[in-house]
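Engineer: kindly generate the corresponding structure for this input.
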Amino acid sequence: MTRSRTLTRPAVIDAASTLFATRGYRGTSMKDIAGAVGVSAPNLYNHLESKQDALVEIMNTTMDRGLIAMNRALAGVDDVSEQLFKATESIVLQFLRHPHDVTVCGTEIYCLEETNQRVIIEKRRRYTSRIMEIIENGCEQGRFATEVPRVATFVVVEMGNNAKSWFRHSGDLRDIDLAKHYGEFALRIVGDRGSLPQ
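Structural biologist: Down below sits the predicted model:
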């Protein structure tokens, strides 16, 4: 059986994500994607309408997956410090477990057509707002000492990108353990009064 007969859309999207992350959206052609999955360019159109089609799916899937993961991480968690820890852990794991997707989501948003771009920007806003809400609540409760909650929010959101830049799954440290360390770092960034020396 040839690869073209068993080829699935998820496999095509995964190949596109890898290429977009390494070569950039504009530096990748439909022919490149076809070559990566072992089919001719005409056969690729059975699974993918266009590069834009792939980019939209990658970004929507990535943002939806991140929002769902954060919602699950925060479900039933009332303590603001634990919320920030869990949310940061969720962010870092998304970056470590889906590195190509999050790279594409972070670098290629302006390659989206305008309507699609607005949808993704709104999802990004919801994602970042969840962290900002936690940090602002912590400040209002007197649990966090930071005087710049907005800046702290962006630092925490970028932690996943920092971890992704150097982490290797073949190393001695498991991704879940690294994510917990970053959760502790996030608490220190906001000046969590329970985790800082008195």
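Engineer: mean pLDDT per helix and strand in this structure: which one sits at the bottom?
Structural biologist: None of the helices or strands of the chain scores lower by mean pLDDT, DSSP states H and E than helix 3-6, at a mean of 53.
Engineer: how close does the residue most central in space within the chain sit to E114?
Structural biologist: For the chain, the residue nearest the mean C-alpha position is V102 (4.3 Å; CA atoms, centre = their mean). In this view, V102 and E114 are 22 Å apart by CB to CB, to the nearest Å. Where you see a C-beta, it was placed from the backbone N, CA and C, and this is true even at glycine.
Engineer: same deal with D79?
Structural biologist: Taken as CB to CB, the span from D79 to E114 is 41 Å.
Engineer: these two: which is more packed in?
Structural biologist: Neighbours were counted for D79 and for E114 using other CB atoms under 10 Å; D79 has more, 13 against 6.
Engineer: so what does the more buried one look like in phi/psi?
Structural biologist: Dihedral pair for D79: phi -70, psi 130, per degrees, to the nearest 10.
Engineer: and if you look at D192?
Structural biologist: phi -60, psi 120.
Engineer: nearest residue to it other than its sequence neighbours?
Structural biologist: S81 (5.3 Å; CB to CB, 6 or more residues apart in numbering).
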